[in-house]
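> Sequence first, predicted coordinates after that:
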Amino acid sequence: MCHKRVRKFSLICSLFVLLFHSAAGHADDVSAFNAAIEKVNQPYKSALFYLRTGNAGVAGLELTTATTAWNAVVERYAKTPPAPLTEDAAWPDTVQDITVAFETGQTLAEKGDAKPARKALLPIRGLLHRMRKRNGLRVLADCVFDLNGHMDVLYHWRHNRADFSDPDVRAKATKASNAYIDQLKLCRSEAPDAIKQNADFQSVMDGAAKSAGTLLRPIERQEPDAFINVLRELKSFDVIIFVRWG
């Protein structure tokens, strides 16, 4: 009887160890995959930044680095992605779409066509964001993606002077402002500890929070020009957050 209990206990322990190692292995695979994507992401963002300023030459150099990193992802993960991407029927299409976008962007950048190159490359960020979202994965870049999306909504009033005498406009601007403020807090809370403790991160996020905190006052006071001034300042922080941590 004792021997049966020992064997049963040993079996349970073995099963626990097997499950533990399986879970640990899965986490390691996902971490390695995310790290490989980040090697693509950094030069990709730099290329977008340089293309935005019209510097196609430097952008081309960054794109070469990004494309090389992406080719390494394709070689390693296109046919054998880590779980849960193994069940993602859209993964092959995502790989193909990103590959084509890089090839198109690189060709246009080499021709000096900065704006068309940037337009061709922009969808890559969304493709990666949607890939992670549908597979239950999340990194800081995903939070920043949503943050930048909220800025796009707000920035409508940068070039379209808001009529804050209209209650509907005030309500929309207030909702958009609060959405940005809340998302900024979320991104700060979701940052990995190493980034949270980074002095540059703290400084930028403090500055962005201070700027965002002044969004509501000009809406309440019906001062559209003051609102535009806040948007200009906040947009600068939003771009920095994208380039550094998006």
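Structure received.
> So Ala226 sits against Pro218, correct?
Yes - counting by C-beta atoms under 8 Å, Ala226 touches Pro218, with 3.8 Å between them. C-betas here are computed from N, CA, C, even on glycine.
> Compare the two (neighbour count), which wins?
Neighbour count, other C-beta atoms under 10 Å: between Ala226 and Pro218, Pro218 has more, with 21 against 14.
> Distance check, that one against Arg161.
Pro218 sits 12 Å away from Arg161, going by C-beta to C-beta, to the nearest Å.
> before we move on, what about Trp245?
Counting by C-beta to C-beta, the gap from Trp245 to Arg161 is 31 Å.
> Mind checking which of the two has more residues around it?
Trp245 (22 against 11).
> what sits against the more buried one?
For Trp245, the contact set (C-beta atoms under 8 Å, 6 or more residues apart in numbering) comprises Leu140, Ala141, Val144, Cys187, Ala191, Ile195, Phe201.
> Out of those, who's the most crowded?
Val144 (24 neighbours).
> Setting aside sequence neighbours, what's the nearest residue to that one?
Take Val144 and drop its neighbours on the chain: the residue closest to it by C-beta to C-beta, 6 or more residues apart in numbering is Gly246, 3.8 Å away.
> just Asp88 next, same as before
That would be Asn135: by C-beta to C-beta, 6+ apart, it lies 5.5 Å from Asp88.
> Hmm, Pro84 and that neighbour touching each other?
Yes - contact criterion C-beta under 8 Å: Asn135 and Pro84 qualify, at 4.9 Å.
> ok, those two, which is more surrounded?
Neighbours per residue (other C-beta under 10 Å) separate Asn135 from Pro84, with Asn135 holding more: 19 against 13.
> any idea how far the more buried one lies from Val95?
For Asn135, the distance to Val95 equals 14 Å [C-beta to C-beta].
> go on, Gly112?
Distance of Gly112 to Val95, given as C-beta to C-beta: 28 Å.
> what's the pLDDT at Leu19?
Leu19 is assigned a pLDDT of 37 by the prediction.
> So which bits of stretch 145-158 are buried?
With burial defined by 16 or more other C-beta atoms under 10 Å, the residues of stretch 145-158 counted as buried are Phe145, Asp146, Leu147, Asn148, His150, Met151, Leu154, Tyr155, Trp157, Arg158.
> about what we covered before: torsion angles phi and psi at the residue nearest to Asp88?
Main-chain dihedrals, Asn135, degrees, to the nearest 10: phi -110, psi 10.
> Now do the contacts for it.
Asn135 sits next to Pro84, Leu85, Asp88 when contact means C-beta under 8 Å, 6+ apart.
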